[in-house]
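mind folding the following:
(chains A and B)
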Amino acid sequence: MPLIRPTRRAVVARAGALAGLAAVGLMTPARAEGLAPTPTMRGGANNYRPGAPLVDRIGGGGFLMTGTVRRAGDGTPLPGRRIQVWAHTTEGHERDAASHGATLSREDGTFQMDMPQIVPAFGQPHGHLAYDAEYDDGAFATVFLRPVMARVDDKTLHVDFVLAPV
Amino acid sequence: MIRNLLIWGTVAIVLIWPMAVAATSPLLAWRDSIYIAAGLSGVFGLALMTVQPLLARGVLPGLDGLHGRRWHRWGGALLLLTVALHIGGLWLTSPPDVIDALTLRSPTPFSVWGVIALWALGLAGTGALVRDRMPPRVWRRVHLAATTVAVTTTVIHAMLIVGTMGTWSKVALSGAALLALGHALYHSRIGWRRGR
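Numbering: from 1, shown residues only, chains lettered A, B, ... in the order given. Model (predicted):
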């Protein structure tokens, strides 16, 4: 005679828990695998300046561009990736060299750029960001972004890069 | 006399107020003169579009009939020049943005409306150059259809833009442009009330 005689309720509960665990176990990697690469936005590359210098801040600063750089698929943070930022700001037009600056993502994949306040130009208050494979080790595909600010008086803008391995 | 003053006063306000608001926008502090001129050209173009149907219909006091239509031709030429300045100035300010717009690849919907308006105005304007070779009935239909598209798409173009125009003056000018267009359509020989 078995020492343990599970009731029907216990069996259902354990089976359910097991199924749940299995589902979580199956789903977690599936979800990470599915982290899709960020597509280049239309108009994102407009007024881009290849090789804009690495800077601590653009102009006098006061507006904070923040973001993350991760690898598509597993979402691993990517440090040391060069991101160029530019916009029409209180200190200059998009095409001006002084409106451009680049920074490197940190160990945790985040980056930020202190820059002058973005002001509406060409119909929308918007920024531009670039990850250019030409200025990197070529392990990831180039991405150009053109995020639009939700409000004109926003003092910050956040952008996520998910890069596709080449 | 008072009626005439009221009509011309309203026309003057519709023309000057939106221009005055745009010309004193805080955004101008961060734009160079070419970009500022390009933007103001756009505002002035919409104001001209408001006056053009009134001139064509000859409803402005002192500019009735043939007088009105003669001014309408000059107004049309000025409008095309204004559009050229608008697009040329934007081109100098940010060439890739204008190329995107003209090739319909722009991320901003308002530029598509602007380009539709550009083509419609071009059709209305170039049509005027060859109208002598067209039957009057055909010419009226083409011109009226093209300008109807131009005015409505320009209004949509303007309303979608976050720029130097003030919200209220933009709404007022857009409304005035649509009213003037509607008036001309209503009274046109191919409209609902033929020949009136």
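
can you give me the strands in chain A?
Along chain A, counting by DSSP state E, strands occupy A:63-71, A:82-87, A:100-104, A:110-115, A:127-131, A:143-145, A:156-163.

CSV for those strands, including distance to chain B, mean pLDDT and mean neighbour count?
Heads up, the C-betas are built off the backbone N, CA and C, glycines and all. Output for these, formatted as CSV (distance: least, CB to the nearest CB, whole Å; pLDDT from 0 to 100; neighbours: other CB atoms under 10 Å in any protein chain shown):
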stretch, distance to chain B, mean pLDDT, mean neighbour count
strand A:63-71, 13, 98, 21
strand A:82-87, 11, 98, 25
strand A:100-104, 14, 98, 20
strand A:110-115, 13, 98, 21
strand A:127-131, 11, 98, 24
strand A:143-145, 11, 98, 22
strand A:156-163, 15, 98, 18
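
how about the secondary structure of B:Gly88?
At B:Gly88 the chain is in helix, as set by DSSP: H, G, I helix; E, B strand; the rest coil.

please report the distance of the spatially closest residue to it that is not a sequence neighbour from chain A.
Nearest in space to B:Gly88, with sequence neighbours left out and distances taken as CB to CB, 6 or more residues apart in numbering or on different chains, is B:Ala38 at 7.3 Å. According to CB to the nearest CB, to the nearest Å, B:Ala38 stands 10 Å off from chain A.

enumerate the residues of chain B near chain A.
B:27, B:29-32, B:35, B:90, B:93-94, B:96-97, B:100, B:105-108, B:110-111, B:160-163 (CB under 8 Å from any CB of the partner chain).

okay, and which of the residues you listed map to strands?
Per DSSP E, the subset of the residues of chain B next to chain A in strands is empty.

which of the residues you listed are buried? Put it as a ChimeraX command.
Of those, the buried ones go into a single ChimeraX selection, burial set by 16 or more other CB atoms under 10 Å in any protein chain shown:
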select /B:27,30,31,35,90,93,94,96,97,100,106,107,108,110,111,160,161,162,163
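
returning to that earlier point: output the strands of chain A as JSON lines; include the columns distance to B:Ala23.
Formatted as JSON lines, the strands of chain A follow (distance: least, CB to CB, whole Å):
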{"stretch": "strand A:63-71", "distance to B:Ala23": "26"}
{"stretch": "strand A:82-87", "distance to B:Ala23": "24"}
{"stretch": "strand A:100-104", "distance to B:Ala23": "30"}
{"stretch": "strand A:110-115", "distance to B:Ala23": "28"}
{"stretch": "strand A:127-131", "distance to B:Ala23": "27"}
{"stretch": "strand A:143-145", "distance to B:Ala23": "33"}
{"stretch": "strand A:156-163", "distance to B:Ala23": "29"}
